[in-house]
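Undergrad: Can you look at this prediction? I've put the sequence above it.
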Amino acid sequence: MSYVNRRVAKRMSDPAFAQAWTESALEYNISRNIIKKRVERGWSQSELATRMATTQSVISRIESGDSNMTIRTLASVATALGTDVSELVEITEEPNFA
């Protein structure tokens, strides 16, 4: 088990932490999926930004989870990446904190 998984597993006994972790899981997965798709295409954040007619800093905020994206923005990201929204929100792996 990785260091991060050990730390999270330990903190999951705290109800406030567990709730916050659960609430952030979707945003984490979306960010991770966007990064994965972008990297698969060999694009930088700047390249994706250009394709979306935005800035690299916007993409950085999206990928770091510091942006509360609208559905419209999520759809724009999906279109730029040549995929659909359902692929970006798909949970591809569940973390193991046992």
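TA: Noted; the coordinates are in hand.

Undergrad: alpha carbons only for contacts and neighbour counts from here, please
TA: Will do.

Undergrad: How is the residue lying farthest from the centre of the chain assigned, secondary-structure-wise?
TA: Distance from the C-alpha centroid of the chain, by CA atoms, centre = their mean, peaks at residue 13 (24.5 Å). Here residue 13 is coil, with the state taken from DSSP: H, G, I helix; E, B strand; the rest coil.

Undergrad: so how far is the worst-scoring helix or strand of the chain on mean pLDDT off the chain centroid?
TA: Of the helices and strands making up the chain, the lowest-confidence element is helix 3-11, at a mean of 84, by mean pLDDT, DSSP states H and E. Its chain's average C-alpha position is 20 Å from that of helix 3-11, according to CA atoms, centre = their mean, to the nearest Å.

Undergrad: and the next helix or strand after that helix, what does it pack onto?
TA: With elements assigned by DSSP states H and E, the helix or strand that comes after helix 3-11 is helix 15-40. Using 3 or more CA pairs under 8 Å, 6 or more residues apart in numbering; DSSP states H and E as the contact criterion, the secondary-structure elements in contact with helix 15-40 are helix 56-64, helix 71-81, helix 85-89.

Undergrad: Export the ones you listed as a markdown table, with columns for mean neighbour count.
TA: Rendered in a markdown table, the data for the helices and strands packed on helix 15-40 read as follows (neighbours: other CA atoms under 10 Å):
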| stretch | mean neighbour count |
| --- | --- |
| helix 56-64 | 17 |
| helix 71-81 | 16 |
| helix 85-89 | 16 |
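
Undergrad: And these: which comes nearest residue 37?
TA: helix 71-81 (6.8 Å; CA to CA).

Undergrad: Which elements pack onto the closest one?
TA: Counting contacts by 3+ CA pairs under 8 Å, 6+ apart, helix 71-81 packs against helix 15-40, helix 45-52, helix 85-89.

Undergrad: Export those helices as CSV, with columns for mean pLDDT and distance to residue 4.
TA: Compiled in CSV, the helices and strands packed on helix 71-81 are given as follows (pLDDT from 0 to 100; distance: least, CA to CA, whole Å):
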stretch, mean pLDDT, distance to residue 4
helix 15-40, 90, 13
helix 45-52, 98, 26
helix 85-89, 94, 23
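
Undergrad: Put together CSV for the ones you listed, with distance to residue 78 on each row.
TA: Compiled in CSV, the helices and strands packed on helix 71-81 are given as follows (distance: least, CA to CA, whole Å):
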stretch, distance to residue 78
helix 15-40, 8
helix 45-52, 10
helix 85-89, 6
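
Undergrad: Sounds good, over and out.
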